[in-house]
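Novice: Below is the sequence, then the predicted model.
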2 protein chains.
Amino acid sequence: MEKVAIDHPGVKFLSNTGELQGEPVQQSFRRIKDMAGVFVSEEARDKMDPEQLVYEVQLYFPVQDGTNGGLFFGNTTIYPGRVGQEYFMTKGHFHAIRDRAEYYWCMEGEGVLILMDENRNTRGEKMTPGSLHYIPGKIAHRVANTGSNRLRFGACWPSDAGHDYESIAREGFGARLMVVNEVPTLVKS
Amino acid sequence: MEKVAIDHPGVKFLSNTGELQGEPVQQSFRRIKDMAGVFVSEEARDKMDPEQLVYEVQLYFPVQDGTNGGLFFGNTTIYPGRVGQEYFMTKGHFHAIRDRAEYYWCMEGEGVLILMDENRNTRGEKMTPGSLHYIPGKIAHRVANTGSNRLRFGACWPSDAGHDYESIAREGFGARLMVVNEVPTLVKS
């Protein structure tokens, strides 16, 4: 009888916290100083602590960026807060290869997934713990935290998808998540 | 000020149980009677209740099977048990489009992910709650439950991957998960 070794994989994705752990996991941070031009009020952003964390990302890239047929895995944590009347949010992007889809699933907190097609038609999906969101190809996506605690969601997407932040940086989304009469409201730009 | 509606997505993926909920979620079941030729001992299988559940799958297919760039999402629950000396397990498959990858992440229970390349080189990765497994392209994959409770894991894979169960049904994997001296052991076939 010949035995085959059973390895322990090097990466953990903890169900209770949504945290990724392990040597291959990369982490990146977006602070107020990194978010020029993202929020509608640059004046409000200028008054804030430039070091204040807006969101952070954990990434597991088991294959090279651009690998056809491969997949990446990650999570995003958006901290609670606002820039003026606008909720803390991610920069948002299309995928460089436009037809590539993505899943987001909310593990903690509450927010709104903002989705925009190539004609700038924009809509929102409520994120609450347990909500699973399919982001089809050709749809730009961004998440805003509308709660008073951190928002955390998981993500899985094709490793050849790439990111196109450019067109969003230039033109933004068709709507913004603002507080209006103390209610989170998706307002057409 | 023009408001944009915020929808509630129709599908839930519950972090605490790993359950998928919602209208679009499909469910399928594999019972002892569905597993002809999968385990090494057909004699042992013949003596079992043909209705006994071996595993079940919940699937969320937001786009049509075969869609390029899209993704599918699911979970699998393998019940504890053995057929003779061999642990309950999934049938296992290559993807029809060979280079398509997949993620499995264990949410409950313990088991082994059995991975085999196209040259029949086979290895195992231990599954425990929180373990995240990247299954690269061109690698057949199957999971065995080695514990005394149910094993549940999540999965995400490309919607054009397809399944090739045929070559596994014909030739099996290069190793089997057997109980040897009361220890789960991956034994070369």
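Specialist: Ah, there it is. Just so we're clear, the structure is a prediction, and the values are computed from it rather than from any experiment. Numbers count the residues shown, from 1 in each chain, chains lettered A, B, ... in the order given.
Novice: in the helix or strand of chain A with the lowest mean pLDDT, what counts as buried?
Specialist: Sorting the helices and strands of chain A by mean pLDDT, DSSP states H and E puts helix A:166-171 at the bottom, at a mean of 89. Neighbour-count burial for helix A:166-171 flags A:Ile168 (criterion: 16 or more other CB atoms under 10 Å in any protein chain shown). Heads up, the C-betas are built off the backbone N, CA and C, glycines and all.
Novice: What of stretch A:147-167?
Specialist: Neighbour counts over stretch A:147-167 (16+ other CB under 10 Å) mark A:147, A:150-162 as buried.
Novice: Nearest to B:Glu108, out of these: which one, please.
Specialist: Of all these, A:Gly154 has the smallest distance to B:Glu108: 16.6 Å, by CB to CB.
Novice: Partner strands of the helix or strand hosting the closest one, with direction?
Specialist: Per DSSP states H and E, A:Gly154 falls inside strand A:151-158. In the sheet, strand A:151-158 lines up against strand A:71-78 (antiparallel), strand A:102-108 (antiparallel) (DSSP bridges).
Novice: Make CSV from those strands and add mean pLDDT to it.
Specialist: What follows is those, written out as CSV (pLDDT from 0 to 100):
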stretch, mean pLDDT
strand A:71-78, 98
strand A:102-108, 98
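Novice: With distance to B:Ile32 and mean neighbour count as extra columns, can I get these in a markdown table?
Specialist: Shown next, in a markdown table, are the strands paired with strand A:151-158 (distance: least, CB to CB, whole Å; neighbours: other CB atoms under 10 Å in any protein chain shown):
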| stretch | distance to B:Ile32 | mean neighbour count |
| --- | --- | --- |
| strand A:71-78 | 33 | 23 |
| strand A:102-108 | 33 | 23 |
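Novice: before we move on, back to that, now the buried residues of stretch A:147-167 in CSV, with pLDDT and distance to B:Val11?
Specialist: Shown next, in CSV, are the buried residues of stretch A:147-167 (pLDDT from 0 to 100; distance: CB to CB, whole Å):
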residue, pLDDT, distance to B:Val11
A:Gly147, 97, 21
A:Arg150, 98, 23
A:Leu151, 98, 18
A:Arg152, 98, 18
A:Phe153, 98, 14
A:Gly154, 98, 14
A:Ala155, 98, 15
A:Cys156, 98, 14
A:Trp157, 98, 17
A:Pro158, 98, 20
A:Ser159, 98, 24
A:Asp160, 98, 25
A:Ala161, 98, 21
A:Gly162, 97, 26
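Novice: Which two of the residues you listed have the greatest separation?
Specialist: Maximum pairwise distance in the buried residues of stretch A:147-167, criterion CB to CB, is 33.5 Å, between A:Gly147 and A:Asp160.
Novice: show me what contacts the closest residue in space to A:Asp65 that isn't next to it in sequence?
Specialist: Spatial nearest neighbour of A:Asp65, excluding adjacent residues (CB to CB, 6 or more residues apart in numbering or on different chains): A:Ser159 at 6.6 Å. With contact taken as CB atoms under 8 Å, 6 or more residues apart in numbering or on different chains, A:Ser159 is in contact with A:61, A:63-72, B:101.
Novice: Among those residues, name the ones in strands.
Specialist: A:71-72 (DSSP state E).
Novice: which of the contacts of A:Ser159 has the most neighbours?
Specialist: Each of the contacts of A:Ser159 was scored for neighbours by other CB atoms under 10 Å in any protein chain shown, and A:Leu71 scores highest at 27 neighbours.
Novice: pretty sure it is touching B:Ala155, no?
Specialist: No: the criterion here is CB atoms under 8 Å, and A:Leu71 misses it with B:Ala155 at 10.7 Å.
Novice: can you list residues touching both of those two?
Specialist: B:102-103.
Novice: ranges for the helices of chain A?
Specialist: Per DSSP state H, chain A carries helices over the ranges A:42-46, A:166-171.
Novice: Find me the pLDDT at the closest residue to A:Phe173 other than its chain neighbours, would you?
Specialist: Nearest residue to A:Phe173, sequence neighbours excluded (CB to CB, 6+ apart): A:Met116, at 4.9 Å. As predicted, A:Met116 sits at a pLDDT of 97.
Novice: tell me the contacts of A:Met116?
Specialist: Counting by CB under 8 Å, 6+ apart, A:Met116 has contacts A:122-123, A:139-141, A:173-175.
Novice: Find the pair from those residues with maximum spatial separation.
Specialist: Spatially, the most separated pair among the contacts of A:Met116 is A:Ile139 and A:Ala175, at 13.8 Å (CB to CB).
Novice: what about those two, which has more around it?
Specialist: Shown here are A:Ile139 and A:Ala175; by other CB under 10 Å, A:Ala175 has more neighbours (24 against 19).
Novice: Next up, the contacts around that one.
Specialist: A:Ala175 makes contact with A:114, A:116, A:122, A:124, A:186-189, B:4 under the criterion CB under 8 Å, 6+ apart.
Novice: If we use 7 Å, what do you get?
Specialist: Shown in contact with A:Ala175 (CB atoms under 7 Å, 6 or more residues apart in numbering or on different chains): A:114, A:122, A:186-189, B:4.
Novice: Excluding chain neighbours, what is closest to A:Glu51?
Specialist: Closest to A:Glu51 by CB to CB, 6+ apart is A:Arg31, at 5.6 Å.
Novice: bridging residues for the one you found?
Specialist: Under the criterion used (DSSP bridges), A:Arg31 bridges to A:Leu53.
Novice: is it true that it touches A:Tyr55?
Specialist: No: the pair A:Arg31 / A:Tyr55 is not scored as a contact, 9.2 Å apart, by CB atoms under 7 Å.
Novice: higher neighbour count, those two?
Specialist: Legend: neighbour count by other CB under 10 Å for A:Arg31 and A:Tyr55, higher for A:Tyr55 (24 against 15).
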